[in-house]
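Engineer: Only the shape, not the letters, is given here:
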Ligand code: PLP
Ligand code: COI
């Protein structure tokens, strides 16, 4: 996967911030490593590949990303292996999805060698920033945004591709109280729900704030037409255990096709669990919660990893779910996933990319 004929110019910092960082207190995405990878797209090609000290970038206030939202991103994690090496988990899947998002947002493809080699070089220069405690990792954030300084509504001709890295612990630290959303919509058919594009997150902020006022930690989005089917959560896909079977909404145009979701589907099958990918009715989840046959519910994503759902709110009712200590399926799968990512068991699927 590593290509060595790319020229990446390196300008390294003269004053590392590494010793100032408290690695036992790492709120998600607030502390950035010493460097970043940057590339520019102009005249139809990617140029100016660089590792630079992390810091502000000068830009026109007219850039079209700010006005019309041509911006996409990815989220992936690098883990410290027992032998000290660093491995990125399933980065090829993030690369694929990045370009699916790019296509939908009329942005140029980032070639695999630039995406991968940019990440590899960044990790190499900031290797000492990769945490080594369990539950911690180096979160990588590739982002591409439109940089034409022009106010006409059209696809930009120029872009920047940047990779940031931030050492981090778990995004959520407790079981979540989630609200099944029946008023607002995250995505609709023909829209951009399957793309990891900035506006999807911007439009979620208001409904999320409303839910927070009602005491919820997160939203479960439902389909835009009838609010009848469960889709996904704010920053993760969803899984339920109903009658001993794992059930997860099938992905499509309105749901982000999560790498963690895909990984867990494969692991669950290997571990002998039955797993169904299909439309999941809100009514089915609520009825199972009422009957006590909804024994587990959890959100799965790169930042979220496997986050337990403790209670589900729907139409003024709150359904409290089985205590996490009884959730053998999701807890077992989460352990297997972590063991692979941290290199504690053989990587039979070839998911760990050692950089
Ligand atoms: N859905 C949304 C909206 C997300 O932001 C994320 C996070 O990336 C996911 C699902 C989970 O995807 P992945 O497992 O690839 O991180
Ligand atoms: C991720 O899991 O990588 C995400 O993108 C979630 C993020 C929006 C916090």
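Structural biologist: Good, I have the coordinates. What you are looking at is a predicted structure, and each value in this text was computed from that prediction instead of being measured. Numbering: from 1, shown residues only. Ligands and ions are numbered 1, 2, ... in the order given.

Engineer: contacts, neighbours, all on C-alpha from now
Structural biologist: Will do.

Engineer: mind giving me the domain split of this protein?
Structural biologist: Annotated domains of the chain cover 9-170, 176-341 [automatic domain parsing].

Engineer: so can I have a markdown table of the ones you listed showing distance to residue 353?
Structural biologist: What follows is the domains of the chain, written out as a markdown table (distance: least, C-alpha to C-alpha, whole Å):
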| stretch | distance to residue 353 |
| --- | --- |
| domain 9-170 | 5 |
| domain 176-341 | 10 |
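
Engineer: Dump those to JSON lines, plus mean neighbour count.
Structural biologist: Formatted as JSON lines, the domains of the chain follow (neighbours: other C-alpha atoms under 10 Å):
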{"stretch": "domain 9-170", "mean neighbour count": "18"}
{"stretch": "domain 176-341", "mean neighbour count": "18"}
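
Engineer: could I get those as CSV with mean pLDDT and distance to ligand 1?
Structural biologist: Listed next are those as CSV, based on pLDDT from 0 to 100; distance: least, C-alpha to the nearest ligand atom, whole Å:
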stretch, mean pLDDT, distance to ligand 1
domain 9-170, 97, 6
domain 176-341, 97, 3
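
Engineer: what's the closest of those to residue 354?
Structural biologist: domain 9-170 (4.1 Å; C-alpha to C-alpha).

Engineer: and that closest one, does that touch ligand 2?
Structural biologist: Yes: shown here: domain 9-170 in contact with ligand 2 (C-alpha under 6 Å from any ligand atom) through 75-76.

Engineer: Between its first and last residues, how far does that domain reach?
Structural biologist: Taking C-alpha to C-alpha, to the nearest Å, the first and last residues of domain 9-170 lie 33 Å apart.

Engineer: And for stretch 6-17?
Structural biologist: End-to-end distance for stretch 6-17, by C-alpha to C-alpha: 28 Å.

Engineer: All the helices of the protein, residue numbers only.
Structural biologist: For the chain, applying DSSP state H gives helices covering 64-68, 91-104, 112-125, 198-202, 205-213, 259-270, 282-291, 328-341.

Engineer: Direction-wise, compare the second one with helix 259-270 and give the angle.
Structural biologist: So the one you mean is helix 91-104. 130 degrees (axes from the mean of the first three to the mean of the last three C-alpha atoms, to 10 degrees).

Engineer: Determine how far helix 91-104 lies from the middle of the whole chain.
Structural biologist: 12 Å (C-alpha atoms, centre = their mean, to the nearest Å).

Engineer: Also stretch 154-166?
Structural biologist: How far stretch 154-166 lies from its chain's middle: 18 Å, per C-alpha atoms, centre = their mean.

Engineer: Just the residues contacting that stretch, thanks.
Structural biologist: 28-33, 35-44, 54, 64, 70, 106-107, 118-119, 122, 138-148 (C-alpha atoms under 8 Å, 6 or more residues apart in numbering).

Engineer: for the residue nearest to residue 108 when sequence neighbours are not counted, what are its contacts?
Structural biologist: Nearest-residue entry for residue 108: residue 102, 6.2 Å, with adjacent residues in sequence omitted and distances by C-alpha to C-alpha, 6 or more residues apart in numbering. Applying C-alpha under 8 Å, 6+ apart to residue 102 gives the contacts 72, 108-109, 195.

Engineer: do the same with residue 259
Structural biologist: Contacts of residue 259 by C-alpha under 8 Å, 6+ apart are 90, 93-94, 301-302.

Engineer: Closest one of the residues you listed to residue 261?
Structural biologist: Closest approach to residue 261 among the contacts of residue 259 (C-alpha to C-alpha): residue 301, at 6.9 Å.

Engineer: Quick check: the closest one touching residue 236?
Structural biologist: Yes: here residue 301 reaches residue 236: they are 4.6 Å apart, a contact under C-alpha atoms under 8 Å.

Engineer: Now do the shared contacts for the two.
Structural biologist: Joint contacts of residue 301 and residue 236 (C-alpha under 8 Å, 6+ apart) are residue 258.

Engineer: Next up, the contacts around the residue of the stretch 51-200 of the chain found nearest ligand 2.
Structural biologist: Nearest residue of the stretch 51-200 of the chain to ligand 2 (C-alpha to the nearest ligand atom) works out as residue 75 at 3.4 Å. Going by C-alpha under 8 Å, 6+ apart, residue 75 touches 94, 139-142, 302-303.

Engineer: likewise residue 222?
Structural biologist: Contact analysis of residue 222 by C-alpha under 8 Å, 6+ apart lists 180-182, 185-186, 228-232.

Engineer: ok, now which ones touch whichever residue of the stretch 101-250 of the chain sits closest to ligand 2?
Structural biologist: Ligand 2 sits closest to residue 235 of the stretch 101-250 of the chain, with a gap of 4.6 Å, by C-alpha to the nearest ligand atom. Taking C-alpha under 8 Å, 6+ apart, we find residue 235 in contact with 301, 303-304.
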